[in-house]
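In: pasting the structure only:
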């Protein structure tokens, strides 16, 4: 298997803040690589370095063997980028945007036109192609932005939080679009805050925190590491430590106590809930509430780092992306 | 992939300068499309010049005595110059908006020459000025202004105005790339133009000014170009024998001014742009 994207020991400081702290990753050709982490973990910085938008303080990066840092122009010809904030011109129509970008990719006029029409068709935007992008919905903008990144048939595609801020329906639509791309052989690196998204799309996932990869593997490997599912029990706060000790025998990983909440990772599903109820009952601990759920990014973080992933409200992100990042 | 190699072959066929202009023209086209959809731009380019000409001609025309009594001929070159000077503000606002939106990341991720964003803004401002000059000229002709300096001189007059637009747009670009937000760019882009254009001979003869303002007005590039335009359109304003060089030789002074402005602000804007788009 050849390597399509490679980053070695990337370091980037913003003043005192260490955005990247020795980040390394390898992405196999034709695979989908998910970069999973909370806001501020270094996802966007990683993508900006790999797509030549930002120079790291140190470290090396290659796309298809081309040095991203020393040969950016050549590297740009190989890859496409769909950013966190939609990077299309709001005052142009869909087709004008794609033709402009095609021309800037140095496609001949006719080819740029044909490519624009083909991409609009493919992303279900033909009806809206003559409308100004300002009038597009969030999902349509993202699709146009993704179309824009595919103009030159890149072999490698970077998607920075492709579904952040989208409603569930648009999100699923976007997933289908990305799956379609992958099946045609494109290598994709995508960043996300949602474990479910990485699970749906990525062959391999790297969890990053504070500019470093802290865990890596397939979605299944990661989940096993984190524990397949989670039992959340609410008990009296004075009994929480007791409950944790009781659940330790059932759990597949460390049990976490947070006030009156006790969380135990388990593998095996419903049966384990029954076990938990029995064990707690036997220890005469009164259960106020109990539920079984799939692990979230927060659980991954809690398990791997011992701290919560800082969740940021979707509204805040939208404001941030409109304001533009520096 | 097959179309990949087509692209690369096509891209390799030409040199760097060809692609800089190619990219600049694509951005120019894009900026013109944006202008066309912006009602504010339409107002500034079409409605405001007409209003200005009519306003000055009919409201101030009777009140201001310029000697030979033809205030319209005196006035219209002044309005041309003032209107074109405001191209600087357009460059400031346009570039600042681009730098603050996600589109600049898209441009940077392309194998294009990003300096095309800077040049494309300037070219689009030039195109706007051509349209504005056309509309203002028609309005002027409709109210009795005449070109009486000959065809060749008239061509020079318009070319000088476009060179003026080109130079002013570099000042605007430098401002737009130096300030943080489009709101500030809009204010800062316009603010310096009001004293500059009014402290000149554009609307009143400079002899009417108090002496300390008069020296400023006499050496103001706006004064030079307005005097040059009046001469080229065939209504030269008589100059006293002891008038400074700038008024004795307005065309030469204007050209020197424009070269100096361009030589300072084009590289400055270029450097600021490179810094803003650097990695």
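Out: Received it, and whenever you're ready, just let me know what you need. If you're wondering where the values come from, they're calculated on a predicted model, not measured in any experiment.
In: tell me what residue A:291 is bridged to.
Out: Residue A:291 has these beta-bridge partners by DSSP bridges: residue A:232.
In: need the contact list for residue B:110.
Out: A:76, A:101, A:104, A:105 (Cβ atoms under 8 Å, 6 or more residues apart in numbering or on different chains). No exception for glycine: its C-beta is placed from N, CA and C like everyone else's.
In: three-state assignment of it?
Out: Assigned by DSSP: H, G, I helix; E, B strand; the rest coil, the conformation of residue B:110 is coil.
In: what's it sitting at in phi/psi?
Out: As for residue B:110, its main-chain torsions (degrees, to the nearest 10) stand at phi -90, psi 160.
In: low-confidence ranges, the chain, go.
Out: You didn't pick a chain, so chain A it is. Judged by pLDDT under 70, chain A has its weakly predicted residues at A:1, A:85-86, A:227, A:297-298, A:306-326.
In: chain B was what I was after
Out: Chain B contains residues with pLDDT under 70 at B:1-12, B:61-69, B:279.
In: residue closest to the middle of it?
Out: In chain B, the centroid-proximal residue (Cα atoms, centre = their mean) is residue B:165; its distance is 2.4 Å.
In: gap between it and residue B:58?
Out: According to Cβ to Cβ, to the nearest Å, residue B:165 and residue B:58 sit 27 Å apart.
In: now do residue A:284
Out: Relative to residue B:58, residue A:284 is positioned 97 Å away (Cβ to Cβ).
In: among the two, which residue is more densely surrounded?
Out: residue B:58 (11 against 8; other Cβ atoms under 10 Å in any protein chain shown).
In: looks to me like that one is in a strand.
Out: No: according to three-state DSSP, residue B:58 belongs to no strand; its state is helix.
In: measure it to chain A for me?
Out: Residue B:58 sits 36 Å away from chain A, going by Cβ to the nearest Cβ, to the nearest Å.
In: residues contacting that residue?
Out: Counted by Cβ under 8 Å, 6+ apart, residue B:58 has zero contacts.
In: pretty sure residue A:234 sits in a helix.
Out: No: in this structure, residue A:234 is strand, not part of a helix, as judged by three-state DSSP.
In: list the buried residues of whichever strand or helix holds residue A:197.
Out: Element membership of residue A:197 [criterion: DSSP states H and E] is helix A:195-201. Buried residues in helix A:195-201, counting neighbours by 16 or more other Cβ atoms under 10 Å in any protein chain shown, are found at A:195, A:197, A:198, A:199, A:200, A:201.
In: got it, and stretch A:56-69?
Out: Applying 16+ other Cβ under 10 Å to stretch A:56-69 flags A:56, A:59, A:61, A:62, A:63, A:64, A:66, A:68, A:69 as buried.
In: what's it in contact with?
Out: Contacts of stretch A:56-69 (Cβ under 8 Å, 6+ apart): A:3-13, A:20, A:22-24, A:49-52, A:55, A:74-75, A:78-79, A:155-156.
In: circling back: can I take it that the residue nearest to the centre of chain B is in a helix?
Out: Yes: under three-state DSSP, residue B:165 falls within a helix.
In: can the one helix or strand residue B:156 maps to be said to contact chain A?
Out: Using DSSP H and E, the element containing residue B:156 is helix B:151-178. No: contact of helix B:151-178 with chain A (Cβ under 8 Å from any Cβ of the partner chain) is absent, the minimum separation being 14.3 Å.
In: can you name every helix or strand that that helix contacts?
Out: Judged by 3 or more Cβ pairs under 8 Å, 6 or more residues apart in numbering or on different chains; DSSP states H and E, helix B:151-178 is in contact with helix B:71-85, helix B:87-99, helix B:115-142, helix B:182-191, helix B:221-232, helix B:250-276.
In: for residue A:110, which of these is the nearest?
Out: helix B:115-142 (20.9 Å; Cβ to Cβ).
In: how big is the angle separating that closest one from helix B:71-85?
Out: Relative orientation of helix B:115-142 versus helix B:71-85 (axes from the mean of the first three to the mean of the last three Cα atoms, to 10 degrees): 170 degrees.
In: what's the burial count for the closest residue to chain B within the stretch 151-300 of chain A?
Out: Using Cβ to the nearest Cβ, the closest approach of the stretch 151-300 of chain A to chain B is made by residue A:153 at 4.9 Å. For residue A:153, the neighbour count with other Cβ under 10 Å is 16.
In: would you agree it falls within a helix?
Out: No: counting by three-state DSSP, residue A:153 is not part of a helix but coil.
In: next one: it from residue B:102, what distance?
Out: 22 Å.
In: quick one: terminal-to-terminal distance for stretch A:30-48?
Out: For stretch A:30-48, the first-to-last residue distance is 21 Å (Cα to Cα, to the nearest Å).
In: dump the residue contacts of residue 273.
Out: Using chain A. For residue A:273, the contacting residues are A:231, A:290, A:292, by Cβ under 8 Å, 6+ apart.
In: other chain: chain B
Out: Counted by Cβ under 8 Å, 6+ apart, residue B:273 has contacts B:95, B:114, B:115, B:117, B:118, B:173, B:177.
In: and residue A:46, by the same measure?
Out: Residues counted as contacts of residue A:46 (Cβ under 8 Å, 6+ apart) are A:7, A:10, A:20, A:23, A:25, A:35, A:191, A:208.
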